[in-house]
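[1] sequence first, predicted model second:
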Amino acid sequence: MSTPQAEQIKILRDRSDMLTTARNFFLQRNILEVDCPLITQAASIDAHIDLIKVLDEQGTRYLHSSPEYGMKRLLSEGIGDIYQLGHVFRHGEQSLKHNPEFMMAEWYRLNISFEQMIEETVEFIRLFIGDLPFHIISYRDLFLKYTSLDYLHATHQELYNYLTTHEVIPYPGIELEGRDALLNLILGSLIEPQLGKNELCVLAYYPSSQAALAKTCQRGDETAAERFEIYYKGVELANGYHELTNSTEQRQRFIESNAFRLQLGKETLPIDELFLKALEKGLPDCCGVAVGFDRLMMLRHNRNNIADVIPFAWDIA
Amino acid sequence: MPQVSTNEFKAGLKIEVEGQPYTIVSNEFVKPGKGQSFNRVRIKHLKTNRVIEKTFKSGDKVDIADVSETNMRLLYKEADGAVFMDEITFEQITIPTDTLGDISQWLVDDILYGVIFYNGNPVTVEPPTFMEMRIVETAPGDRGNTASGRVLKPAITQSGAKIQVPIFIDQDEVVKVDTRTGEYVARVTESK
(Lines give C-alpha, C1' and ligand atoms only; values in the text may rest on other atoms or scores of the structure.)
Protein backbone atom coordinates (compact mmCIF):
# COMPACT_ATOMS: atom_id res chain seq x y z
CA MET A 1 0.00 0.00 0.00
CA SER A 2 1.56 3.29 -1.06
CA THR A 3 1.52 6.40 1.11
CA PRO A 4 -0.94 9.26 0.46
CA GLN A 5 1.99 11.38 -0.74
CA ALA A 6 3.05 8.75 -3.26
CA GLU A 7 -0.58 8.40 -4.38
CA GLN A 8 -0.81 12.12 -4.93
CA ILE A 9 2.41 12.25 -6.93
CA LYS A 10 0.99 9.47 -9.11
CA ILE A 11 -2.14 11.56 -9.71
CA LEU A 12 -0.08 14.67 -10.44
CA ARG A 13 1.91 12.77 -13.07
CA ASP A 14 -1.38 11.77 -14.66
CA ARG A 15 -2.56 15.37 -14.35
CA SER A 16 0.38 16.43 -16.47
CA ASP A 17 -0.55 13.81 -19.07
CA MET A 18 -4.15 15.01 -19.09
CA LEU A 19 -3.11 18.64 -19.58
CA THR A 20 -1.27 17.45 -22.68
CA THR A 21 -4.25 15.33 -23.75
CA ALA A 22 -6.52 18.36 -23.39
CA ARG A 23 -4.19 20.55 -25.47
CA ASN A 24 -4.03 17.85 -28.16
CA PHE A 25 -7.84 17.76 -28.23
CA PHE A 26 -7.85 21.45 -29.14
CA LEU A 27 -4.87 21.17 -31.49
CA GLN A 28 -6.61 18.44 -33.50
CA ARG A 29 -9.59 20.75 -33.97
CA ASN A 30 -7.49 23.75 -34.94
CA ILE A 31 -8.53 25.64 -31.84
CA LEU A 32 -5.88 28.20 -30.92
CA GLU A 33 -4.52 28.51 -27.38
CA VAL A 34 -4.70 32.03 -25.89
CA ASP A 35 -3.59 33.32 -22.51
CA CYS A 36 -5.74 36.30 -21.61
CA PRO A 37 -4.66 38.08 -18.41
CA LEU A 38 -5.61 36.66 -15.04
CA ILE A 39 -5.61 40.09 -13.39
CA THR A 40 -7.99 42.59 -14.91
CA GLN A 41 -9.37 46.07 -14.22
CA ALA A 42 -12.96 44.96 -14.64
CA ALA A 43 -14.16 41.42 -14.15
CA SER A 44 -17.07 39.08 -14.61
CA ILE A 45 -20.23 40.44 -13.02
CA ASP A 46 -22.25 37.61 -11.55
CA ALA A 47 -24.69 38.07 -8.70
CA HIS A 48 -23.41 34.91 -7.03
CA ILE A 49 -19.74 34.78 -7.93
CA ASP A 50 -17.44 36.80 -5.71
CA LEU A 51 -14.02 37.89 -6.86
CA ILE A 52 -10.64 38.00 -5.20
CA LYS A 53 -9.22 41.51 -5.30
CA VAL A 54 -5.68 42.48 -6.10
CA LEU A 55 -4.56 45.83 -4.69
CA ASP A 56 -1.85 48.04 -6.10
CA GLU A 57 -1.07 51.77 -6.10
CA GLN A 58 -3.31 52.38 -9.11
CA GLY A 59 -6.32 50.86 -7.41
CA THR A 60 -8.25 47.62 -7.28
CA ARG A 61 -7.91 44.89 -9.87
CA TYR A 62 -9.49 41.46 -9.87
CA LEU A 63 -8.32 37.90 -10.34
CA HIS A 64 -10.61 36.65 -13.07
CA SER A 65 -13.36 34.14 -12.33
CA SER A 66 -13.24 33.12 -16.01
CA PRO A 67 -11.27 34.36 -19.04
CA GLU A 68 -14.58 34.92 -20.85
CA TYR A 69 -14.53 38.69 -21.42
CA GLY A 70 -10.94 38.73 -22.63
CA MET A 71 -11.56 35.80 -24.97
CA LYS A 72 -14.66 37.45 -26.40
CA ARG A 73 -12.67 40.62 -27.08
CA LEU A 74 -10.31 38.49 -29.16
CA LEU A 75 -13.25 36.78 -30.91
CA SER A 76 -14.67 40.13 -31.96
CA GLU A 77 -11.25 40.99 -33.44
CA GLY A 78 -11.65 37.93 -35.66
CA ILE A 79 -9.17 35.54 -34.05
CA GLY A 80 -11.35 32.47 -34.72
CA ASP A 81 -11.76 29.37 -32.53
CA ILE A 82 -9.83 29.68 -29.26
CA TYR A 83 -9.28 28.00 -25.90
CA GLN A 84 -7.69 28.96 -22.61
CA LEU A 85 -6.47 26.37 -20.13
CA GLY A 86 -5.58 28.08 -16.89
CA HIS A 87 -6.43 28.97 -13.33
CA VAL A 88 -9.47 30.99 -12.31
CA PHE A 89 -10.42 32.34 -8.89
CA ARG A 90 -13.63 32.47 -6.87
CA HIS A 91 -13.76 33.98 -3.43
CA GLY A 92 -15.17 31.81 -0.66
CA GLU A 93 -15.90 28.71 -2.77
CA GLN A 94 -14.30 26.02 -0.71
CA SER A 95 -15.53 22.50 -0.07
CA LEU A 96 -14.64 18.96 -1.03
CA LYS A 97 -15.61 19.87 -4.60
CA HIS A 98 -14.41 23.49 -4.62
CA ASN A 99 -11.05 25.18 -4.31
CA PRO A 100 -11.05 29.01 -4.57
CA GLU A 101 -8.29 28.69 -7.20
CA PHE A 102 -8.96 26.03 -9.80
CA MET A 103 -8.08 24.90 -13.32
CA MET A 104 -10.56 25.61 -16.07
CA ALA A 105 -10.66 24.66 -19.73
CA GLU A 106 -12.69 27.24 -21.62
CA TRP A 107 -13.22 27.35 -25.37
CA TYR A 108 -15.23 29.13 -28.05
CA ARG A 109 -16.37 27.83 -31.44
CA LEU A 110 -17.67 29.87 -34.35
CA ASN A 111 -20.49 28.66 -36.61
CA ILE A 112 -21.42 25.71 -34.48
CA SER A 113 -24.89 24.84 -33.19
CA PHE A 114 -25.81 24.67 -29.51
CA GLU A 115 -26.28 20.88 -29.83
CA GLN A 116 -22.92 20.45 -31.58
CA MET A 117 -21.26 22.37 -28.75
CA ILE A 118 -22.84 19.98 -26.23
CA GLU A 119 -21.48 17.01 -28.20
CA GLU A 120 -18.00 18.46 -28.39
CA THR A 121 -18.01 19.12 -24.64
CA VAL A 122 -19.10 15.52 -24.04
CA GLU A 123 -16.17 14.34 -26.20
CA PHE A 124 -13.78 16.40 -24.08
CA ILE A 125 -15.19 14.94 -20.86
CA ARG A 126 -14.86 11.41 -22.26
CA LEU A 127 -11.08 11.92 -22.56
CA PHE A 128 -11.03 11.82 -18.76
CA ILE A 129 -13.74 9.42 -17.67
CA GLY A 130 -14.31 7.13 -20.60
CA ASP A 131 -16.82 6.59 -23.33
CA LEU A 132 -20.01 7.32 -21.41
CA PRO A 133 -23.39 7.82 -23.07
CA PHE A 134 -25.10 11.17 -22.55
CA HIS A 135 -28.68 12.32 -22.25
CA ILE A 136 -30.00 15.85 -22.80
CA ILE A 137 -32.88 17.03 -20.63
CA SER A 138 -34.35 20.51 -20.46
CA TYR A 139 -34.50 22.38 -17.16
CA ARG A 140 -38.28 22.36 -17.39
CA ASP A 141 -38.48 18.59 -18.02
CA LEU A 142 -35.94 17.96 -15.28
CA PHE A 143 -38.14 19.68 -12.70
CA LEU A 144 -41.20 17.84 -13.99
CA LYS A 145 -39.38 14.52 -13.80
CA TYR A 146 -37.87 14.90 -10.33
CA THR A 147 -40.36 17.16 -8.57
CA SER A 148 -43.54 17.21 -10.72
CA LEU A 149 -43.28 21.01 -10.57
CA ASP A 150 -43.61 23.08 -13.74
CA TYR A 151 -41.07 25.75 -12.84
CA LEU A 152 -42.63 28.23 -15.30
CA HIS A 153 -46.06 28.22 -13.70
CA ALA A 154 -45.40 27.08 -10.11
CA THR A 155 -46.13 29.77 -7.57
CA HIS A 156 -43.61 31.02 -5.03
CA GLN A 157 -45.62 29.25 -2.32
CA GLU A 158 -45.66 25.93 -4.21
CA LEU A 159 -41.88 26.01 -4.57
CA TYR A 160 -41.46 26.92 -0.91
CA ASN A 161 -43.81 24.16 0.21
CA TYR A 162 -42.02 21.60 -1.96
CA LEU A 163 -38.79 22.36 -0.09
CA THR A 164 -40.25 22.20 3.40
CA THR A 165 -42.12 18.96 2.71
CA HIS A 166 -38.77 17.48 1.63
CA GLU A 167 -37.05 18.56 4.83
CA VAL A 168 -35.11 21.41 3.28
CA ILE A 169 -35.75 24.51 5.35
CA PRO A 170 -35.00 27.57 3.20
CA TYR A 171 -32.48 29.98 4.69
CA PRO A 172 -33.72 33.26 6.21
CA GLY A 173 -34.23 36.05 3.70
CA ILE A 174 -34.81 33.80 0.69
CA GLU A 175 -38.18 35.47 0.09
CA LEU A 176 -36.31 38.61 -0.97
CA GLU A 177 -34.34 36.77 -3.65
CA GLY A 178 -37.17 35.76 -5.93
CA ARG A 179 -38.19 32.47 -7.48
CA ASP A 180 -34.75 31.67 -8.85
CA ALA A 181 -33.41 31.32 -5.31
CA LEU A 182 -36.06 28.70 -4.52
CA LEU A 183 -35.45 26.86 -7.81
CA ASN A 184 -31.73 26.95 -7.04
CA LEU A 185 -32.31 25.46 -3.60
CA ILE A 186 -34.49 22.67 -5.01
CA LEU A 187 -31.96 21.92 -7.75
CA GLY A 188 -28.93 22.01 -5.46
CA SER A 189 -30.27 20.03 -2.54
CA LEU A 190 -32.85 17.66 -4.01
CA ILE A 191 -32.09 17.11 -7.72
CA GLU A 192 -28.36 17.57 -8.40
CA PRO A 193 -27.16 14.71 -6.17
CA GLN A 194 -29.22 12.31 -8.38
CA LEU A 195 -27.92 13.53 -11.76
CA GLY A 196 -25.64 11.49 -13.99
CA LYS A 197 -25.69 8.16 -12.19
CA ASN A 198 -24.69 5.95 -15.15
CA GLU A 199 -24.45 8.46 -17.96
CA LEU A 200 -23.58 12.10 -18.49
CA CYS A 201 -26.59 14.25 -17.74
CA VAL A 202 -26.77 17.34 -19.94
CA LEU A 203 -29.10 19.89 -18.37
CA ALA A 204 -30.06 22.42 -21.06
CA TYR A 205 -32.44 25.30 -21.77
CA TYR A 206 -32.35 27.16 -18.48
CA PRO A 207 -34.98 29.69 -17.38
CA SER A 208 -34.33 33.01 -19.12
CA SER A 209 -33.81 34.58 -15.68
CA GLN A 210 -30.73 32.33 -15.33
CA ALA A 211 -29.36 33.03 -18.79
CA ALA A 212 -26.12 34.72 -17.60
CA LEU A 213 -24.35 35.29 -20.94
CA ALA A 214 -26.46 32.98 -23.08
CA LYS A 215 -28.84 33.78 -25.90
CA THR A 216 -32.50 33.09 -25.28
CA CYS A 217 -34.88 31.19 -27.54
CA GLN A 218 -38.59 30.47 -27.63
CA ARG A 219 -39.71 26.95 -26.71
CA GLY A 220 -43.52 26.79 -26.77
CA ASP A 221 -44.78 29.13 -24.04
CA GLU A 222 -41.30 29.31 -22.49
CA THR A 223 -38.46 31.71 -23.15
CA ALA A 224 -35.41 29.59 -22.40
CA ALA A 225 -31.69 30.32 -22.30
CA GLU A 226 -29.44 28.37 -24.66
CA ARG A 227 -27.30 27.37 -21.73
CA PHE A 228 -26.24 23.88 -20.64
CA GLU A 229 -24.51 22.22 -17.76
CA ILE A 230 -23.15 18.68 -17.66
CA TYR A 231 -23.31 16.46 -14.58
CA TYR A 232 -21.79 13.12 -13.73
CA LYS A 233 -22.32 11.40 -10.38
CA GLY A 234 -23.95 14.56 -9.03
CA VAL A 235 -20.86 16.63 -9.86
CA GLU A 236 -21.24 19.68 -12.10
CA LEU A 237 -18.55 19.56 -14.79
CA ALA A 238 -19.32 22.13 -17.47
CA ASN A 239 -21.28 25.29 -18.19
CA GLY A 240 -21.83 26.34 -21.79
CA TYR A 241 -23.73 28.94 -23.78
CA HIS A 242 -24.86 29.89 -27.20
CA GLU A 243 -23.25 33.25 -26.59
CA LEU A 244 -25.16 36.48 -26.26
CA THR A 245 -23.81 38.93 -28.86
CA ASN A 246 -26.10 41.90 -28.28
CA SER A 247 -24.19 44.62 -26.41
CA THR A 248 -27.31 46.51 -25.30
CA GLU A 249 -28.79 43.38 -23.74
CA GLN A 250 -25.42 42.52 -22.23
CA ARG A 251 -25.16 45.95 -20.57
CA GLN A 252 -28.70 45.54 -19.28
CA ARG A 253 -27.78 42.16 -17.72
CA PHE A 254 -24.70 43.69 -16.07
CA ILE A 255 -26.84 46.43 -14.55
CA GLU A 256 -29.36 43.86 -13.30
CA SER A 257 -26.63 41.66 -11.82
CA ASN A 258 -25.10 44.63 -10.03
CA ALA A 259 -28.51 45.69 -8.70
CA PHE A 260 -29.03 42.17 -7.39
CA ARG A 261 -25.58 42.22 -5.79
CA LEU A 262 -26.54 45.41 -3.93
CA GLN A 263 -29.75 43.77 -2.77
CA LEU A 264 -27.70 40.83 -1.45
CA GLY A 265 -25.55 43.28 0.51
CA LYS A 266 -22.56 42.86 -1.81
CA GLU A 267 -20.57 45.59 -3.53
CA THR A 268 -21.15 46.32 -7.19
CA LEU A 269 -18.45 45.51 -9.73
CA PRO A 270 -17.08 47.77 -12.47
CA ILE A 271 -18.65 47.21 -15.88
CA ASP A 272 -16.11 46.08 -18.48
CA GLU A 273 -16.49 48.81 -21.09
CA LEU A 274 -13.76 47.30 -23.26
CA PHE A 275 -15.74 44.06 -23.42
CA LEU A 276 -18.97 45.89 -24.27
CA LYS A 277 -17.14 47.88 -26.95
CA ALA A 278 -16.00 44.59 -28.46
CA LEU A 279 -19.60 43.34 -28.51
CA GLU A 280 -20.65 46.58 -30.23
CA LYS A 281 -17.96 46.01 -32.82
CA GLY A 282 -19.47 42.59 -33.37
CA LEU A 283 -18.99 39.24 -31.65
CA PRO A 284 -19.42 36.50 -34.25
CA ASP A 285 -22.15 33.95 -33.64
CA CYS A 286 -20.47 31.40 -31.38
CA CYS A 287 -20.85 28.88 -28.58
CA GLY A 288 -18.59 28.68 -25.55
CA VAL A 289 -18.06 26.34 -22.64
CA ALA A 290 -16.06 26.19 -19.43
CA VAL A 291 -15.11 22.82 -17.97
CA GLY A 292 -13.73 22.18 -14.49
CA PHE A 293 -10.47 20.34 -15.08
CA ASP A 294 -9.92 19.41 -11.42
CA ARG A 295 -13.39 17.88 -11.12
CA LEU A 296 -12.66 15.69 -14.15
CA MET A 297 -9.48 14.57 -12.43
CA MET A 298 -11.47 13.77 -9.27
CA LEU A 299 -13.86 11.56 -11.21
CA ARG A 300 -11.02 10.00 -13.20
CA HIS A 301 -9.27 8.96 -10.00
CA ASN A 302 -12.35 8.24 -7.90
CA ARG A 303 -11.57 10.97 -5.39
CA ASN A 304 -14.18 12.88 -3.45
CA ASN A 305 -11.78 15.63 -2.36
CA ILE A 306 -10.40 18.14 -4.85
CA ALA A 307 -7.31 18.47 -2.64
CA ASP A 308 -6.26 14.98 -3.78
CA VAL A 309 -5.86 15.99 -7.43
CA ILE A 310 -4.13 19.39 -7.21
CA PRO A 311 -0.63 20.12 -5.95
CA PHE A 312 -1.60 22.24 -2.92
CA ALA A 313 -5.14 22.97 -1.78
CA TRP A 314 -6.14 26.44 -0.55
CA ASP A 315 -5.36 25.76 3.12
CA ILE A 316 -1.76 24.79 2.41
CA ALA A 317 -1.16 26.89 -0.72
CA MET B 1 -22.52 38.04 20.84
CA PRO B 2 -19.61 36.65 18.80
CA GLN B 3 -20.54 35.38 15.36
CA VAL B 4 -19.19 32.86 12.92
CA SER B 5 -19.48 32.78 9.12
CA THR B 6 -20.74 29.70 7.29
CA ASN B 7 -17.23 29.52 5.76
CA GLU B 8 -15.95 28.51 9.20
CA PHE B 9 -18.62 25.90 9.90
CA LYS B 10 -17.25 22.55 11.00
CA ALA B 11 -18.46 19.54 12.90
CA GLY B 12 -18.53 20.15 16.64
CA LEU B 13 -18.98 23.93 16.45
CA LYS B 14 -21.72 25.15 18.82
CA ILE B 15 -24.09 27.69 17.27
CA GLU B 16 -27.33 29.36 18.25
CA VAL B 17 -30.29 29.03 15.89
CA GLU B 18 -33.60 30.69 16.71
CA GLY B 19 -32.46 31.15 20.29
CA GLN B 20 -31.56 27.49 20.78
CA PRO B 21 -28.11 25.89 21.20
CA TYR B 22 -26.99 23.36 18.59
CA THR B 23 -23.85 21.42 17.71
CA ILE B 24 -22.94 21.16 14.02
CA VAL B 25 -22.97 17.51 12.95
CA SER B 26 -22.11 17.98 9.27
CA ASN B 27 -21.76 20.83 6.81
CA GLU B 28 -21.94 20.73 3.01
CA PHE B 29 -21.25 23.69 0.70
CA VAL B 30 -23.53 23.59 -2.36
CA LYS B 31 -23.32 25.83 -5.40
CA PRO B 32 -25.51 24.85 -8.32
CA GLY B 33 -24.33 26.42 -11.57
CA LYS B 34 -24.41 30.17 -11.37
CA GLY B 35 -26.84 30.23 -8.45
CA GLN B 36 -26.58 31.39 -4.88
CA SER B 37 -24.32 29.10 -2.89
CA PHE B 38 -25.69 27.70 0.32
CA ASN B 39 -24.70 25.37 3.11
CA ARG B 40 -26.73 22.32 4.04
CA VAL B 41 -26.05 21.84 7.70
CA ARG B 42 -27.17 19.10 10.06
CA ILE B 43 -27.35 20.36 13.62
CA LYS B 44 -28.06 18.57 16.89
CA HIS B 45 -29.95 20.27 19.66
CA LEU B 46 -27.74 20.43 22.72
CA LYS B 47 -30.49 19.51 25.17
CA THR B 48 -32.82 17.21 23.24
CA ASN B 49 -30.17 15.67 20.91
CA ARG B 50 -32.68 15.97 18.07
CA VAL B 51 -30.91 16.33 14.72
CA ILE B 52 -32.42 18.70 12.15
CA GLU B 53 -31.25 20.00 8.80
CA LYS B 54 -31.03 23.70 8.02
CA THR B 55 -29.86 25.68 5.02
CA PHE B 56 -27.77 28.81 5.37
CA LYS B 57 -26.90 31.27 2.66
CA SER B 58 -23.13 30.94 2.23
CA GLY B 59 -21.26 33.79 3.85
CA ASP B 60 -24.05 34.57 6.30
CA LYS B 61 -23.11 34.84 9.94
CA VAL B 62 -24.72 33.09 12.87
CA ASP B 63 -24.29 33.53 16.62
CA ILE B 64 -21.85 31.30 18.40
CA ALA B 65 -23.61 29.64 21.33
CA ASP B 66 -22.07 30.49 24.70
CA VAL B 67 -21.32 26.89 25.52
CA SER B 68 -18.61 25.44 27.73
CA GLU B 69 -17.84 21.98 29.03
CA THR B 70 -16.46 21.19 32.47
CA ASN B 71 -15.41 17.84 33.89
CA MET B 72 -17.35 17.24 37.09
CA ARG B 73 -17.50 14.30 39.46
CA LEU B 74 -20.85 12.96 40.60
CA LEU B 75 -20.94 13.21 44.42
CA TYR B 76 -24.40 11.83 45.10
CA LYS B 77 -27.91 11.62 43.77
CA GLU B 78 -30.86 13.31 45.46
CA ALA B 79 -34.59 12.90 45.04
CA ASP B 80 -34.89 15.72 42.50
CA GLY B 81 -31.43 15.88 40.97
CA ALA B 82 -27.75 15.04 41.26
CA VAL B 83 -24.87 16.91 42.88
CA PHE B 84 -21.67 17.32 40.87
CA MET B 85 -18.34 18.82 41.91
CA ASP B 86 -15.88 20.71 39.72
CA GLU B 87 -12.57 18.81 39.87
CA ILE B 88 -10.51 22.01 39.91
CA THR B 89 -12.50 24.63 41.82
CA PHE B 90 -14.35 22.14 44.07
CA GLU B 91 -17.50 24.13 43.35
CA GLN B 92 -20.65 22.06 43.69
CA ILE B 93 -23.81 22.30 41.63
CA THR B 94 -27.11 20.47 41.70
CA ILE B 95 -28.46 19.46 38.30
CA PRO B 96 -32.21 18.88 38.40
CA THR B 97 -33.73 15.61 37.19
CA ASP B 98 -35.52 17.41 34.33
CA THR B 99 -32.20 18.55 32.91
CA LEU B 100 -30.59 15.15 33.34
CA GLY B 101 -33.35 13.46 31.35
CA ASP B 102 -32.24 10.10 29.91
CA ILE B 103 -28.76 10.58 31.33
CA SER B 104 -30.11 9.66 34.79
CA GLN B 105 -29.80 5.99 33.86
CA TRP B 106 -26.02 6.34 33.53
CA LEU B 107 -25.30 8.10 36.81
CA VAL B 108 -22.86 6.33 39.13
CA ASP B 109 -21.31 8.02 42.18
CA ASP B 110 -17.68 9.12 41.95
CA ILE B 111 -17.51 8.98 38.14
CA LEU B 112 -16.33 11.99 36.06
CA TYR B 113 -18.93 13.42 33.67
CA GLY B 114 -18.76 16.20 31.10
CA VAL B 115 -21.22 18.92 32.11
CA ILE B 116 -22.27 21.26 29.29
CA PHE B 117 -23.14 24.82 30.27
CA TYR B 118 -25.15 27.13 28.00
CA ASN B 119 -25.28 30.79 28.99
CA GLY B 120 -23.83 29.75 32.35
CA ASN B 121 -26.46 27.12 33.17
CA PRO B 122 -25.96 23.37 32.99
CA VAL B 123 -28.03 21.98 30.11
CA THR B 124 -26.81 18.45 29.68
CA VAL B 125 -24.44 15.86 31.08
CA GLU B 126 -22.25 13.59 29.00
CA PRO B 127 -21.38 10.25 30.55
CA PRO B 128 -18.12 8.48 29.66
CA THR B 129 -18.58 6.56 26.39
CA PHE B 130 -17.84 3.26 28.12
CA MET B 131 -18.86 2.58 31.69
CA GLU B 132 -18.40 -0.45 33.91
CA MET B 133 -21.61 -1.29 35.73
CA ARG B 134 -22.86 -3.94 38.08
CA ILE B 135 -25.89 -5.92 37.01
CA VAL B 136 -28.47 -5.71 39.79
CA GLU B 137 -31.26 -7.63 38.13
CA THR B 138 -31.39 -10.28 35.44
CA ALA B 139 -33.04 -13.65 34.99
CA PRO B 140 -30.81 -16.74 35.23
CA GLY B 141 -29.41 -17.70 31.86
CA ASP B 142 -31.42 -20.29 29.95
CA ARG B 143 -28.65 -21.89 27.96
CA GLY B 144 -31.08 -23.95 25.95
CA ASN B 145 -32.05 -20.82 24.04
CA THR B 146 -28.68 -20.29 22.32
CA ALA B 147 -29.58 -22.66 19.51
CA SER B 148 -32.50 -20.51 18.41
CA GLY B 149 -30.25 -17.46 18.30
CA ARG B 150 -31.77 -15.75 21.33
CA VAL B 151 -28.46 -15.12 23.02
CA LEU B 152 -29.38 -11.87 24.79
CA LYS B 153 -31.59 -11.30 27.83
CA PRO B 154 -32.77 -8.15 29.60
CA ALA B 155 -30.86 -6.80 32.60
CA ILE B 156 -30.87 -3.74 34.84
CA THR B 157 -27.65 -2.00 35.90
CA GLN B 158 -26.85 -0.41 39.26
CA SER B 159 -27.71 3.00 37.75
CA GLY B 160 -31.12 1.79 36.55
CA ALA B 161 -30.29 1.43 32.85
CA LYS B 162 -32.23 -1.32 31.12
CA ILE B 163 -29.85 -3.15 28.78
CA GLN B 164 -29.49 -6.46 26.96
CA VAL B 165 -26.73 -8.83 28.07
CA PRO B 166 -25.57 -12.27 26.89
CA ILE B 167 -27.25 -15.11 28.71
CA PHE B 168 -24.02 -16.12 30.48
CA ILE B 169 -24.00 -12.89 32.54
CA ASP B 170 -25.33 -13.38 36.05
CA GLN B 171 -26.63 -10.95 38.63
CA ASP B 172 -23.86 -8.98 40.49
CA GLU B 173 -21.44 -9.37 37.61
CA VAL B 174 -19.80 -6.24 36.21
CA VAL B 175 -20.11 -5.47 32.49
CA LYS B 176 -18.81 -2.77 30.19
CA VAL B 177 -21.58 -0.80 28.45
CA ASP B 178 -21.50 1.69 25.55
CA THR B 179 -23.54 4.62 26.91
CA ARG B 180 -24.21 6.02 23.41
CA THR B 181 -26.24 2.99 22.41
CA GLY B 182 -26.82 1.16 25.67
CA GLU B 183 -25.15 -1.91 24.15
CA TYR B 184 -23.27 -4.51 26.14
CA VAL B 185 -19.56 -4.48 25.19
CA ALA B 186 -17.78 -6.99 27.43
CA ARG B 187 -17.75 -8.85 30.73
CA VAL B 188 -15.41 -7.27 33.29
CA THR B 189 -14.41 -10.29 35.32
CA GLU B 190 -11.57 -8.68 37.28
CA SER B 191 -13.96 -6.13 38.81
CA LYS B 192 -16.25 -8.82 40.08
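    Cool, the structure landed. Residues are numbered from 1 along each chain as shown, chains lettered A, B, ... in the order given.
[2] any buried residues in stretch B:48-64, and which?
    For stretch B:48-64, the neighbour count (16 or more other C-beta atoms under 10 Å in any protein chain shown) marks B:K54, B:T55, B:F56, B:K57, B:S58, B:G59, B:D60, B:V62, B:I64 as buried. All C-beta atoms are positioned from the backbone trio N, CA, C, and that covers glycine.
[3] briefly note if it comes near chain A.
    Yes. Applying C-beta under 8 Å from any C-beta of the partner chain, one finds stretch B:48-64 touching chain A at B:I52, B:E53, B:K54, B:T55, B:F56, B:K57, B:S58, B:G59, B:D60.
[4] then the fifth one would be within a strand, right?
    Yes. With the criterion set as DSSP: H, G, I helix; E, B strand; the rest coil, the secondary structure at B:F56 is a strand.
[5] from the residues of stretch B:48-64 next to chain A, pick the one nearest A:F114.
    Nearest to A:F114 among those is B:S58, at 30.7 Å by C-beta to C-beta.
[6] return the residues in contact with the closest residue to that closest one other than its chain neighbours.
    Nearest residue to B:S58, sequence neighbours excluded (C-beta to C-beta, 6 or more residues apart in numbering or on different chains): B:S37, at 4.0 Å. B:S37 sits next to A:H48, A:G92, A:E93, B:F29, B:V30, B:K31, B:K57, B:S58, B:G59 when contact means C-beta atoms under 8 Å, 6 or more residues apart in numbering or on different chains.
[7] try B:V188
    B:E132, B:E173, B:V174, B:V175, B:K176.
[8] from those, which land in strands?
    Among the contacts of B:V188, the members found in strands (DSSP state E) are B:E132, B:V174, B:V175, B:K176.
[9] can you list those in a markdown table and add distance to chain A and neighbour count?
    Output for those, formatted as a markdown table (distance: C-beta to the nearest C-beta, whole Å; neighbours: other C-beta atoms under 10 Å in any protein chain shown):
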| residue | distance to chain A | neighbour count |
| --- | --- | --- |
| B:E132 | 37 | 17 |
| B:V174 | 40 | 18 |
| B:V175 | 37 | 22 |
| B:K176 | 33 | 15 |
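[10] so the residue lying closest to A:N246 once chain neighbours are set aside, which state does it fall into?
    Leaving aside its sequence neighbours, A:N246 sits nearest to A:L279 (C-beta to C-beta, 6+ apart; 7.3 Å). Following three-state DSSP, A:L279 is assigned to helix.
[11] quick one: the helices in the stretch 51-200 of chain A?
    Ranges of helices within the stretch 51-200 of chain A are A:68-76, A:114-129, A:139-147, A:156-165, A:178-186, based on DSSP state H, counting those that start in this stretch.
[12] torsion angles phi and psi at A:Q250?
    phi -60, psi -50 (degrees, to the nearest 10).
[13] next one: the one 5 residues further on
    Its backbone dihedrals place A:I255 at phi -60, psi -40, with angles given as degrees, to the nearest 10.
[14] do you know how far it is from A:S66?
    Taking C-beta to C-beta, to the nearest Å as the measure, A:I255 and A:S66 are separated by 20 Å.
[15] the two - which one has more neighbours?
    For A:I255 versus A:S66, the count of surrounding residues by other C-beta atoms under 10 Å in any protein chain shown is larger for A:S66: 22 against 13.
[16] so who does that one touch?
    Residues near A:S66 by C-beta under 8 Å, 6+ apart: A:S44, A:V88, A:M104, A:E106, A:A290.
[17] and what of A:F293?
    With contacts defined as C-beta under 8 Å, 6+ apart, A:F293 is in contact with A:M18, A:L19, A:A22, A:L85, A:F102, A:M103, A:M104, A:A105.
[18] tell me the domain ranges of chain B?
    If you go by automatic domain parsing, the domain ranges for chain B are B:3-64, B:67-126, B:130-191.
[19] rewinding a little: against A:Y206, how distant is the residue nearest to A:N246?
    Going from A:L279 to A:Y206 by C-beta to C-beta gives 21 Å.
[20] looking at these two, which is more packed in?
    Between A:L279 and A:Y206, A:Y206 has the larger neighbour count (other C-beta under 10 Å), namely 27 against 23.
[21] helix, strand or coil: sort out that one for me.
    strand.
[22] A:L269 now?
    State at A:L269, reduced to three classes by three-state DSSP: coil.
[23] OK, contacts around it?
    With C-beta under 8 Å, 6+ apart, A:L269 has these contacts: A:A42, A:A43, A:S44, A:I45, A:L51, A:Y62, A:N258, A:R261.
[24] hang on, isn't the last one packed against A:T268?
    Which is A:R261. Yes. Using C-beta atoms under 8 Å, A:R261 is in contact with A:T268, at 5.7 Å.
[25] out of these two, which sits in the busier spot?
    A direct count of neighbours by other C-beta under 10 Å for A:R261 and A:T268 places A:R261 higher, at 19 against 14.
[26] angle of whichever strand or helix holds that one against helix A:68-76?
    Following DSSP states H and E, the helix or strand that holds A:R261 is helix A:247-263. Using axes from the mean of the first three to the mean of the last three C-alpha atoms, to 10 degrees, the inter-axis angle of helix A:247-263 relative to helix A:68-76 is 180 degrees.
[27] and the stretch 151-300 of chain A, which residues reach chain B?
    So the stretch 151-300 of chain A meets chain B at A:167-174, A:177, A:180-181, A:184-185, A:187-189, A:192, A:206, A:210, A:212, A:229, A:236, A:239 (C-beta under 8 Å from any C-beta).
[28] what do you get if the cut-off is 7 Å, keeping everything else the same?
    Proximity of the stretch 151-300 of chain A to chain B (C-beta under 7 Å from any C-beta of the partner chain) is limited to residues A:167-171, A:173, A:177, A:181, A:184-185, A:187-189, A:192, A:210, A:212, A:229, A:236, A:239.
[29] kindly report the same for the stretch 1-150 of chain A.
    So the stretch 1-150 of chain A meets chain B at A:D46, A:H48, A:G92, A:E93, A:Q94, A:S95, A:H98 (C-beta under 7 Å from any C-beta).
[30] mind listing the residues bridging to A:I52?
    When bridges are called by DSSP bridges, A:I52 pairs up with A:L63.
[31] contacting residues for it?
    If you count contacts by C-beta atoms under 7 Å, 6 or more residues apart in numbering or on different chains, A:I52 has them with A:L63, A:F89, A:H91.
[32] now render these as TSV, adding pLDDT and distance to B:N119.
    Shown next, in TSV, are these (pLDDT from 0 to 100; distance: C-beta to C-beta, whole Å):
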residue	pLDDT	distance to B:N119
A:L63	97	43
A:F89	97	41
A:H91	93	34
